[in-house]
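K.L.:
Let's see this in three dimensions:
(2 chains)
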There are 2 protein chains.
Amino acid sequence: MDRRKFVKGSLVAAAGMAMARRGLAGPLISTGAKRPNIIIILCDDLGFGDLGCYGSEAIATPNLDRMAGEGIKLTNFYSSAPVCSPSRAGLLTGRYPPRTKITQVLFPSTGVGAVVNTRIVAGGAALALPKDEITVADLMKKAGYATCCLGKWHLGDRSGFRPNDRGFDHYLGLLYSNDMIPLPLWRNGEIVEKSPCNQDLLTGKYADEALWFIKQNQDRPFFLYLAHTFPHQPLHASPDFRGKSKGGLYGDCVEEIDWSAGKILALLAELGLAENTLVIFTSDNGPWYQGNPGYRRGRKNDSFDGGMNVPFLARWPGKIAAGKTSSLMGMNFDLFATSLAVAGAEVPGDRVIDGRNLLPVLCSQAQAGPHERLYYYKGKTLEAVRSQRFKYQLRHYVYYSPVGQAQGPWLFDLEDDPNESYNVSALYPEVFQQFSAEVEDWQKNFGRGMKV
Amino acid sequence: MDRRKFVKGSLVAAAGMAMARRGLAGPLISTGAKRPNIIIILCDDLGFGDLGCYGSEAIATPNLDRMAGEGIKLTNFYSSAPVCSPSRAGLLTGRYPPRTKITQVLFPSTGVGAVVNTRIVAGGAALALPKDEITVADLMKKAGYATCCLGKWHLGDRSGFRPNDRGFDHYLGLLYSNDMIPLPLWRNGEIVEKSPCNQDLLTGKYADEALWFIKQNQDRPFFLYLAHTFPHQPLHASPDFRGKSKGGLYGDCVEEIDWSAGKILALLAELGLAENTLVIFTSDNGPWYQGNPGYRRGRKNDSFDGGMNVPFLARWPGKIAAGKTSSLMGMNFDLFATSLAVAGAEVPGDRVIDGRNLLPVLCSQAQAGPHERLYYYKGKTLEAVRSQRFKYQLRHYVYYSPVGQAQGPWLFDLEDDPNESYNVSALYPEVFQQFSAEVEDWQKNFGRGMKV
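P.N.:
Predicted coordinates for the structure are as follows:
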């Protein structure tokens, strides 16, 4: 399989390096055995209500439902942004997206996209994840892990900013969203299928590559980031899945992703790796034109929960108890610190890292989540803050208004009102005031420690 | 109570007129007794999920919940438009709003509103319900009913176009929405409270007036159209209700409306009128900034169901069986034909009337609803068609799109997908094609029979 040009040298070197397991406390990770593998499966624009285990009656996801049954399901897990690029920047750096200057959706650096990008830069955003940002893959690789990124990257398409430049030994996928032209398929530094690639086969190709990567690295610790191209529009599914779901072509896409997850879980069992592998499944933001946000208000691009509250499953037999559901809060930048904790590596000390290790939550060892507050950014703008049952919405977009497009600040009680339908600021004036004061303080101090 | 200037002369004349009960078949209405009263309670911007009997856990509506338990609840009842004025035009004329030329929200004819109205007229819409339109009140009055409109009118504020000019003997209320300045309170032809009136007390004043009207007319058939100002923004509740609901000030408004409904039902019982009165409760469109659309997609101004699928309760002890729920389809213009059927009067034969008599549905005598198709208009534009479980969405608005703001046509299966999340056009190509052909035909023929 030389076509993959897998960089084995770096792994051999890494395997031999002395591992400093600084900062890992507690009995979660045994230090004697081979360090645990991590697989993060990230969907694109999958909604909170699109999986069977999250209440969907239109889409059949037996593999993910089984994964939920064998692990834990979170109901208050959030993406770090309501759109693709910033959400991915958050996940991979462990930081609120504005710290990384990735605050907008990136476009290809050629053609029409370049024109759009000019506007993005003029707005103060970066066009690629800046080089001084450290990705979780950089650190996992440094810690001796084989690292692989499959699927949508969306954090820079120029040389020096692609996955292989940001800590991933191996890459196969599209460098941006599947509605952005041109659309070549890359494997490491090469285009292996010219634009437009056959999108119908992408999910299957990613699955094949994932299985190959796992087999190749079954004797080493590995970190696999499988960032699906779908169910982002335009929708495509392979002939085996097309026309099968009650959820239309969108459902076909999700059912093929479910199949892919099933293949991965089956291979882990076959190779005897299941008990040494943490598998995580989530989405980069809420649903766009299609897709079901569950009972949440809003969709992709909204700081309402429909735009950022996403499904989250974690499975790790023997470590994570089966069949649990937790309402403790997490955000996708927690996967940075969580992965490092699994690897026994430390988070960088030279910058603000907003993410926290979620393992105590996932392993039911924590009564409280690692965050007292979660901040919802849309672009560079702080739009909302969540604390336990309350959400303070500084501003929010409304469809139709003779007097303008934004209202706020509002206070929502997500326990009584998960749809964010009612402003209860007059009912809880102290809570409202406390949020208001805290937000001012947070905004003032947010810049400190920022590197970009 | 001379302050009300109730026009009794016309009632006396009407009571003596020979009533032609043409067109009333079946055992629903006994011809010997006093003809049944009708009370239509219409909320402004109340969402599908805002009542206890529709699943709300944040707003307590014990009176309406009891009313639902004593009558029937519809789950597929629609407003005839996703905004106020056209929806009211539909309800009162029995016709799709574009037939009446009321396709936009109207503004006051003075001040800033007049400027906005210029644009509305330029768009081809009328600024008041045209004089050649016949309202249900015109016909109920002609049939000998005492007629009363309370609350928001929103179908013209100039002389000749106000409620008293359109079939209502009596009126108290605001002539347009409560966010439109100036805001005087009218009683019949007079301003009884200068702009801005005290909005906190409006719901209570409407209730007082409703009780007075019912008592005054307890010995005659009456038609009461109570069109609440709330929960349209800006929200106001009386001191007795402010700060009481878990749904914030919005919830306070709804709980005060619930109280008002309870007072009306109690008076009917006290006067022995309950069994001779059909009481209907519904909303003019889905929720705006606040309010809960239930599990529906979208809000006010959307042709998604969140904008037009509204709560509907009907109670008529002895005629409507207690505790029923029906998923048969209805639209608010059906209240036109339904009211006439209750009165034993005929619908006009000189124009297209789209509404149908809902009594067979409400009284559980029908296996099917009166509509094979329901058409969702937004302004002058047909945006969607519903037929049984399927909804054909010609176009729909999306929040965020680099390629435009509208997509479609799509096909939704509301049975599997009440949130309208998945386009299943490829799954049901014949259904999709049939809708497509029918819509073309409907659009071509819609103008026929239109009088304005």
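K.L.:
Count the neighbours of whatever residue of the stretch 51-200 of chain A ends up closest to chain B for me.
P.N.:
Distances between the stretch 51-200 of chain A and chain B by C-beta to the nearest C-beta are smallest at A:Ala58, namely 4.6 Å. Glycine gets a C-beta too; all of them are placed from N, C-alpha and C. For A:Ala58, the count of nearby residues is 24 (other C-beta atoms under 10 Å in any protein chain shown).
K.L.:
That one falls within a helix, correct?
P.N.:
No - according to DSSP: H, G, I helix; E, B strand; the rest coil, A:Ala58 belongs to no helix; its state is coil.
K.L.:
for it, what are its contacts?
P.N.:
A:Ala58 makes contacts with A:245-247, A:251, A:292, B:413, B:416-417, B:421-422, as judged by C-beta atoms under 8 Å, 6 or more residues apart in numbering or on different chains.
K.L.:
The same query, at a cut-off of 6 Å, please.
P.N.:
A:246-247, A:251, B:416-417, B:422 (C-beta atoms under 6 Å, 6 or more residues apart in numbering or on different chains).
K.L.:
Which strands or helices does the helix or strand harbouring A:Val254 pack on?
P.N.:
According to DSSP states H and E, A:Val254 maps onto helix A:248-270. Contact partners of helix A:248-270 among helices and strands, from 3 or more C-beta pairs under 6 Å, 6 or more residues apart in numbering or on different chains; DSSP states H and E: helix A:62-70, helix A:202-216.
K.L.:
what about that helix, average pLDDT?
P.N.:
Averaging pLDDT along helix A:248-270 yields 98.
K.L.:
and that helix, which residues are buried?
P.N.:
For helix A:248-270, burial by neighbour count (16 or more other C-beta atoms under 10 Å in any protein chain shown) applies to A:248-265, A:267-268.
K.L.:
likewise stretch A:52-63?
P.N.:
Judged by neighbour count using 16+ other C-beta under 10 Å, the buried positions of stretch A:52-63 are A:52-54, A:56, A:58-61, A:63.
K.L.:
which residue packs closest to the residue of the stretch 51-200 of chain A closest to chain B, ignoring adjacent ones?
P.N.:
Closest residue to A:Ala58 apart from its sequence neighbours, by C-beta to C-beta, 6 or more residues apart in numbering or on different chains: A:Gly247 at 3.9 Å.
K.L.:
The one you found is in contact with B:Tyr422, isn't it?
P.N.:
Yes - using C-beta atoms under 6 Å, A:Gly247 is in contact with B:Tyr422, at 4.3 Å.
K.L.:
in the stretch 251-400 of chain A, what spans have low per-residue confidence?
P.N.:
A:397-400 (pLDDT under 70).
K.L.:
circling back to that earlier point, and of the helices and strands packed on helix A:248-270, who's closest to B:Asn76?
P.N.:
Smallest distance to B:Asn76 across the helices and strands packed on helix A:248-270 (C-beta to C-beta): 30.2 Å, for helix A:62-70.
K.L.:
which residues touch A:Leu139?
P.N.:
A:340, A:345.
K.L.:
Could you confirm it falls within a helix?
P.N.:
Yes - A:Leu139: assigned to a helix according to three-state DSSP.
K.L.:
I'd like to know how far it sits from A:Val342.
P.N.:
Distance of A:Leu139 to A:Val342, computed by C-beta to C-beta, to the nearest Å: 12 Å.
K.L.:
Could you do A:Leu359 as well?
P.N.:
In terms of C-beta to C-beta, A:Leu359 sits 7 Å off from A:Val342.
K.L.:
and what of A:Ser87?
P.N.:
On the measure of C-beta to C-beta, A:Ser87 and A:Val342 end up 21 Å apart.
K.L.:
More neighbours: the two, which one.
P.N.:
Counted by other C-beta under 10 Å, A:Ser87 and A:Val342 do not tie: A:Ser87 has more neighbours, with 29 against 26.
K.L.:
give me the element the more buried one is part of.
P.N.:
Using DSSP H and E, the element containing A:Ser87 is helix A:84-93.
K.L.:
Let me know whether that helix sits next to chain B.
P.N.:
No - Helix A:84-93 does not reach chain B (C-beta under 6 Å from any C-beta of the partner chain); its nearest approach is 11.4 Å.
K.L.:
which other helices and strands contact that helix?
P.N.:
helix A:97-100.
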